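Asks: Sequence and predicted structure below; questions after.
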Amino acid sequence: MSVSLNGLTFGDLFDFVDLARRAGVSRDTAVDQEFDLDDQSGPHTLQVSLADLAAVRNPDFSGIDREHFVEVLDAVLSTDGDARGALDEIKLLRDRLI
C-alpha cells in the first residue's frame, strides 16, 4: 500500500495510517520511502507492506455499532437520503470503523 506525497493532505495521511493499523501493522514497522529516479530531492511516496488485506476490507461491526449504524441509516433514508442532519453520527460511526 502506498500514498503519494505530491499534494498529500492530512486526510490522506490519516487514511494511510488507519488502513495500516486495521491490517495489523505494528507501531515499530518502518515506513518505506520511494524515490523518483529522475528527482532524488526527496521521497515521492510512502509505502508499507500489508500481510493481511482481508483485515483492511472487513471492518468489525460489533453488536452495538451495528444497531447504531442501522439507526443512522434509517434516519437518513427517512429524509429521502438527505444525510446533512446525521453528519455528526455518520462521522462517529466512520471513526469507529477505522
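Replies: Nice, thanks for sending it over. Numbering: from 1, shown residues only.
Asks: what's the helix or strand for residue 14?
Replies: Taking DSSP states H and E as the criterion, residue 14 maps to helix 10-22.
Asks: wait, I meant residue 96
Replies: Going by DSSP H and E, residue 96 is part of helix 87-97.
Asks: What of residue 79?
Replies: Short version, using DSSP H and E: residue 79 is in no helix or strand.
Asks: now it: how far from residue 92?
Replies: As judged by Cβ to Cβ, to the nearest Å, residue 79 and residue 92 stand 18 Å apart. C-beta here means a position set from N, CA and C on the backbone, and glycine is covered the same way.
Asks: Likewise for residue 76?
Replies: Here residue 76 is placed at a distance of 14 Å from residue 92 (Cβ to Cβ).
Asks: More neighbours: these two, which one.
Replies: residue 76 (18 against 13; other Cβ atoms under 10 Å).
Asks: mind checking which helix or strand the more buried one is in?
Replies: With DSSP H and E as criterion, residue 76 is part of helix 63-77.
Asks: what's the spacing between stretch 29-39 and its chain's center?
Replies: Its chain's C-alpha centre and that of stretch 29-39 lie 22 Å apart, by Cα atoms, centre = their mean, to the nearest Å.
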